[in-house]
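J.: what follows is a predicted protein model with its sequence.
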Amino acid sequence: MIIQPREYQLNVFKNSIDQNTLVVMPTGLGKTIIAAMLIEKFYSEKKRSLMVAPTKPLVLQHAKTIAESTGISESEIGVFTGEIDAEERELIWVTKKIFVSTPQVVFNDMRSGVLDITKFDLIIFDEAHRAVGNYAYVDIAQEYLKYKKKLIIGLTASPGGDRERIDEIISNLGISKVIAKTEMDEDVRKYVKTIDVKLMKIPEPEATREIVNMIDSLMSQLLEPVRNSNFRVGRSRKELVAVMQKVIGSAKEDRSLFQLVRRITAAIRLDYLKEYIETQGIDIGMHYLEEMEKSDDPSIRRAMSMLSSLEDFADLKSKLRTAAEDYVNPKMERILSILESNIRGKERAIVFTHYRITSDLLMDYIAKRNTSLKPVRFIGQADRGSDEGLSQDQQKKIIEDFKNNVYNVLIATSIAEEGLDIPDTDFVIFYEAVPSEIRYIQRKGRTGRSRNGQVYILVFENSRDMAYYYSSLRKVSRMTQTIENLRQEEVSKVREEKGDVQKSIFDF
């Protein structure tokens, strides 16, 4: 191989070639190198391999890594991201032995008869935590598992903290062995850099609490008739969606209940407004309200009509507009301060934002206040109203320019969280806390690869921000414990099968 694998990569490779294996390994430790080693082994035996990855940029990245790691020519690798038509794909499927593809292309070609999945000897599922529910990974694996002597490898840095979810992944991929590497393992420890995580608590602006209280009051008014109709209404948005489904079901028998659906829909929109204000800032909340007022979407228009029928809604809009007039977003101020303090040469940073509008306004804020910083916005390919997405070529160009210090601040949405070959950064900033342990780990893993890194997490005090932050920590802790339990179960199984004389598969 051209790239010399590390000790733990070799250990995982050797212990995953005999049965379907889920490999859980921290972000940045080179799971794709392990995939390349497996593919090279099968290729040398004239066997066919398929690697599936959830996004187009990841597919292209993996194909390049496989070629660079193994010396196999890129011309020998079939790469499918949806641009090649089915007729041309049909020919490529039967003439090559190595493929990297998005799952939707594989699923579509299976369904249409263009692809015979039985012709593969190895399938690798990157970001295997997606193999749940109705995701295409599940259909591909279930069809493939019908045939014997086929190998499945799942790769993930963060399978989630819910044991039921992990068991679902294991079941859907036909996994019989779990190899979980941690930063404390002897063969990993020497490659791991430290990441210093700093929680930055920002006082909530005085106007925020008053506006949030007004929103809470309006939501109570909207939902009171729902409660009076004997529907149990929870506090979270997830619970609001659940009760709406129940009301819709009951409305099939009593059509008068449909008016309650409009109320719940309006309450959900208010909850989004509240989240924008509590986690993004008053200015971004104001922008969300204006977008709703201008929207042509029938559902949003009905929600706005319902909200406008409430007398206090006009007071809320007036209060929000007044607060937004002279508002300086304290999170943006803090981010600029962190960037100016830490970027003095060739340092690079990623700022993660959950919402596109935040990335847009933050980009403008930094560009107007500091000409030495070189920020660039990195978003997905889909258009969002007037906000055009980036093409695949534009994304590649931005990543390359970031790597070459044309830009030193990448302001990114979730597109940069998962898998992309973004160069190691000196520090990462979370514009807001995220309640998902998977997203927390993926964001954090963008630093501390080749050198020590720092993570700054910005939260408004006494807000939903704080709740999300503590939720992510609890889930990360639960995931760590769940993975450790899986490790111990494997130890027990091996000892039971081998009479307690064989080493654990984790003690390589």
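T.: Yep, that arrived. These figures come from a predicted structure and were not determined experimentally.

J.: use CA for all of it now, contacts and neighbours both
T.: Noted.

J.: what sits against the closest residue to residue 356 other than its chain neighbours?
T.: Setting aside the residues directly before and after it, residue 356 is nearest to residue 413 in space (C-alpha to C-alpha, 6 or more residues apart in numbering), at 6.5 Å. Contact partners of residue 413, counting by C-alpha atoms under 8 Å, 6 or more residues apart in numbering, are 352-356, 359, 378-380.

J.: so which of those residues belong to helices?
T.: Among those, DSSP state H puts 356, 359 in helices.

J.: export the contacts of residue 413 as TSV, with columns for neighbour count and pLDDT.
T.: TSV is the format used below for the contacts of residue 413 (neighbours: other C-alpha atoms under 10 Å; pLDDT from 0 to 100):
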residue	neighbour count	pLDDT
352	25	95
353	22	95
354	18	93
355	17	92
356	20	92
359	23	95
378	25	92
379	22	89
380	18	81
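
J.: elements contacting the top helix by length along the chain?
T.: Counting residues, the longest helix found in the chain (DSSP H) is helix 464-498. Helices and strands touching helix 464-498, as assessed by 3 or more C-alpha pairs under 8 Å, 6 or more residues apart in numbering; DSSP states H and E, comprise strand 177-180, helix 437-444, strand 453-460.

J.: residue 374 and residue 416: what is the separation?
T.: Between residue 374 and residue 416 the computed distance is 18 Å (C-alpha to C-alpha, to the nearest Å).

J.: between those two, which one's more packed in?
T.: Between residue 374 and residue 416, counted using other C-alpha atoms under 10 Å, residue 416 has the larger neighbour count: 22 against 17.

J.: what is the nearest of the contacts of residue 413 to residue 263?
T.: residue 355 (25.3 Å; C-alpha to C-alpha).

J.: residue contacts, that closest one?
T.: residue 413.

J.: how about the helices of the stretch 251-400 of the chain, start to end?
T.: Assigned by DSSP state H, counting those that start in this stretch, the stretch 251-400 of the chain shows helices spanning 258-275, 282-294, 298-308, 311-325, 330-342, 356-369, 392-403.

J.: now those in CSV, with distance to residue 33?
T.: Putting those into CSV (distance: least, C-alpha to C-alpha, whole Å) gives the following:
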stretch, distance to residue 33
helix 258-275, 40
helix 282-294, 41
helix 298-308, 47
helix 311-325, 50
helix 330-342, 32
helix 356-369, 32
helix 392-403, 20
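
J.: what's the closest of the ones you listed to residue 193?
T.: helix 330-342 (18.5 Å).

J.: what packs against that closest one?
T.: Counting contacts by 3+ C-alpha pairs under 8 Å, 6+ apart, helix 330-342 packs against helix 356-369.

J.: which pLDDT value does the model give residue 421?
T.: The confidence metric pLDDT takes the value 66 at residue 421.

J.: do the one 3 residues further on as well
T.: Residue 424 is assigned a pLDDT of 74 by the prediction.

J.: residue 495 now?
T.: 49.

J.: number of residues surrounding residue 227?
T.: 13.

J.: let me fix that: residue 207
T.: 15.

J.: same check on residue 327?
T.: 14.

J.: residue 27 in helix, strand or coil?
T.: Classification of residue 27 by DSSP: H, G, I helix; E, B strand; the rest coil places it in coil.

J.: 52 is where my numbering starts, stick with that
T.: With 52 as the first residue, the last one maps to residue 78.

J.: check it and give its pLDDT.
T.: If you check residue 78, the pLDDT there is 80.

J.: repeat for residue 321
T.: At residue 321, the pLDDT value in this model is 96.

J.: quick one: contacts for it?
T.: Contacts of residue 321 (C-alpha under 8 Å, 6+ apart): 266, 270.

J.: returning to what we had before: which parts of the longest helix of the chain are buried?
T.: Residues 515-517, 519-520, 522-527, 529-531, 533-534, 537-538, 541-542, 545 are the ones in helix 515-549 that count as buried (16 or more other C-alpha atoms under 10 Å).

J.: kindly report the same for stretch 147-154.
T.: Within stretch 147-154, the residues scored as buried using 16+ other C-alpha under 10 Å are 148-154.

J.: closest one of those residues to residue 199?
T.: Among those, residue 148 lies closest to residue 199 (C-alpha to C-alpha), at 19.2 Å.

J.: residue 162: neighbour count?
T.: Residue 162 has 12 nearby residues by other C-alpha under 10 Å.

J.: for the one 3 residues further on, same thing?
T.: Residue 165: 17 surrounding residues under other C-alpha under 10 Å.

J.: how far does the longest helix of the chain sit from its chain's centre?
T.: Its chain's C-alpha centre and that of helix 515-549 lie 19 Å apart, by C-alpha atoms, centre = their mean, to the nearest Å.

J.: can you list the residue ranges for helices in the stretch 102-251 of the chain?
T.: Under the criterion DSSP H, counting those that start in this stretch, the stretch 102-251 of the chain contains helices at 107-121, 137-146, 154-163, 187-195, 214-223, 237-240.

J.: ignoring the adjacent residues along the chain, who's closest to residue 478?
T.: Nearest residue to residue 478, sequence neighbours excluded (C-alpha to C-alpha, 6+ apart): residue 505, at 4.6 Å.

J.: wait, what's in contact with the one you found?
T.: By C-alpha under 8 Å, 6+ apart, the contact list for residue 505 reads 246-249, 477-479, 498-499.

J.: could you rerun that using 10 Å?
T.: Residues in contact with residue 505 (C-alpha atoms under 10 Å, 6 or more residues apart in numbering) are 245-249, 400, 476-480, 495, 497-499.

J.: part of a strand, is residue 69?
T.: No: applying three-state DSSP, one finds residue 69 to be coil, outside a strand.

J.: do you know the pLDDT at it?
T.: Taking residue 69 on its own, its pLDDT is 89.

J.: now it. Nearest residue, chain neighbours left out?
T.: Distance criterion C-alpha to C-alpha, 6+ apart; nearest residue to residue 69, sequence neighbours excluded, is residue 202 at 7.9 Å.
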